[in-house]
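A.B. asks: Let's see this in three dimensions:
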Amino acid sequence: MKNLFNELFDYNFYCNKKLIEQFESTLDKVQGKNISLFSHILNAHHIWNARLTASTEKFQVFQLHSIKEFADIHYDNQRTSFEIITNINDFEKRIDYENSEGRQFANTAKDILFHMINHATYHRGQIATESRNNNIEPLALDYIIYKR
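C.D. replies: Next comes the predicted model:
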């Protein structure tokens with residue numbers, strides 16, 4: 001299980017890094033919608049890490065960040081996720097947490113980690129659509145392409 005999650009988070013790191021590079025190289029063309037979507041990806045990743053480590057959340061779900069801040073937040077998120085994966089002994093352990101609306105839930109660590117990857121992939125798809133709608137060629141970030 002650790003190997004699988006390490007591979008998935010490597011993929012996530014690669015995809016987000018490529019998007020950050022594209023945002024930095026097309027600053028004059030990056031639309032506000034993509035800034036908010038990518039900020040949300042970073043915020044959600046951070047929040048789920050905080051829930052898994054029972055630490056304080058520094059960001060709000062829809063807090064905006066500048067493109068200049070993306071890389072540092074992304075790196076910190078990934079480092080924390082790799083530490084979680086390395087140190088976890090039971091992927092079936094139930095994690096109690098409160099969502100952004102104040103409701104209480106519990107899910108397994110495995111399900112939360114998978115959700116983190118899936119959530120980022122979903123929103124990267126929205127970024128690709130938004131980019132295409134603004135005449136920016138979206139990056140090919142499919143998992144199978146990454147693995148080639």
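A.B. asks: Only C-alpha atoms from now on, for both contacts and neighbour counts.
C.D. replies: OK.
A.B. asks: What residues of the helix or strand where residue 111 lies count as buried?
C.D. replies: Using DSSP states H and E, residue 111 falls within helix 109-133. Using 16 or more other C-alpha atoms under 10 Å as the test for burial, helix 109-133 gives 109-110, 112-113, 116-117, 120-121, 123-124, 126-128, 130-131.
A.B. asks: Over to stretch 18-27?
C.D. replies: 19-20, 22-23.
A.B. asks: With stretch 139-146 instead?
C.D. replies: Residues 139, 141 are the ones in stretch 139-146 that count as buried (16+ other C-alpha under 10 Å).
A.B. asks: Centre of the chain to that stretch, how far?
C.D. replies: 16 Å (C-alpha atoms, centre = their mean, to the nearest Å).
A.B. asks: is it fair to say residue 105 lies in a strand?
C.D. replies: Yes - counting by DSSP: H, G, I helix; E, B strand; the rest coil, residue 105 is part of a strand.
A.B. asks: That one pairs with what?
C.D. replies: residue 97 (DSSP bridges).
A.B. asks: Mind pulling up the pLDDT for it?
C.D. replies: pLDDT, residue 105: 98.
A.B. asks: just to revisit the earlier point, taking the buried residues of stretch 18-27 one by one, which sit in helices?
C.D. replies: Using DSSP state H, 19-20, 22-23 are the members of these that sit in helices.
A.B. asks: Save those as JSON lines, and put in pLDDT too.
C.D. replies: Output for those, formatted as JSON lines (pLDDT from 0 to 100):
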{"residue": "19", "pLDDT": "96"}
{"residue": "20", "pLDDT": "97"}
{"residue": "22", "pLDDT": "93"}
{"residue": "23", "pLDDT": "92"}
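A.B. asks: could I get those as TSV with distance to residue 37?
C.D. replies: Output for those, formatted as TSV (distance: C-alpha to C-alpha, whole Å):
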residue	distance to residue 37
19	12
20	12
22	14
23	12
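A.B. asks: Closest one to residue 143 out of those, please.
C.D. replies: Taking C-alpha to C-alpha as the measure, residue 143 lies nearest residue 19 of these, at 14.5 Å.
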